[in-house]
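S.K.: Below: sequence and its predicted model.
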Amino acid sequence: MKRQVGGQKMQATKLFTIDLTKIRGKGDFSCPKCGVKISPNEKTGRTYRILEAVMKQNQLEGIMLQCSRCDSQIHLTGFRALNMTR
Ligand SMILES: [Zn+2]
């Protein structure tokens, strides 16, 4: 097992991981910290900001986003499973 420690500053920002395959419905979820409803289909950026999209073999693997209300960072995973069920 490799650990990734190097280079990153310790920050007060909390990091949460949400697996979309464990969410029923259209992929909406609530921020684990402040509870604001976040919809991946909402592109206005009012409730969250996309920090980084993680691509793997031209497929969306995950998205790092940040809650606009409480500044928590949320790592969304499970996109591949969503694509498969379409
Ligand atoms: Zn939040």
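M.R.: In hand now; what should we look at? Note that the structure is predicted; figures quoted are calculated from it, not measured.

S.K.: tell me which helix or strand of the chain sits lowest on mean pLDDT?
M.R.: helix 79-85 (a mean of 59; mean pLDDT, DSSP states H and E).

S.K.: show me where pLDDT drops low in the chain?
M.R.: Within the chain, the set of residues satisfying pLDDT under 70 comprises 1-12, 80-86.

S.K.: And the strands in it?
M.R.: 15-19, 29-30, 37-38, 48-56, 59-67, 73-77 (DSSP state E).

S.K.: Need these in CSV (columns: mean neighbour count).
M.R.: Glycine gets a C-beta too; all of them are placed from N, C-alpha and C. Below are the strands of the chain laid out as CSV (neighbours: other C-beta atoms under 10 Å):
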stretch, mean neighbour count
strand 15-19, 14
strand 29-30, 16
strand 37-38, 16
strand 48-56, 13
strand 59-67, 17
strand 73-77, 19
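
S.K.: I'd like those laid out as JSON lines, including distance to the ion.
M.R.: Shown next, in JSON lines, are the strands of the chain (distance: least, C-beta to the ion, whole Å):
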{"stretch": "strand 15-19", "distance to the ion": "9"}
{"stretch": "strand 29-30", "distance to the ion": "8"}
{"stretch": "strand 37-38", "distance to the ion": "8"}
{"stretch": "strand 48-56", "distance to the ion": "8"}
{"stretch": "strand 59-67", "distance to the ion": "3"}
{"stretch": "strand 73-77", "distance to the ion": "8"}
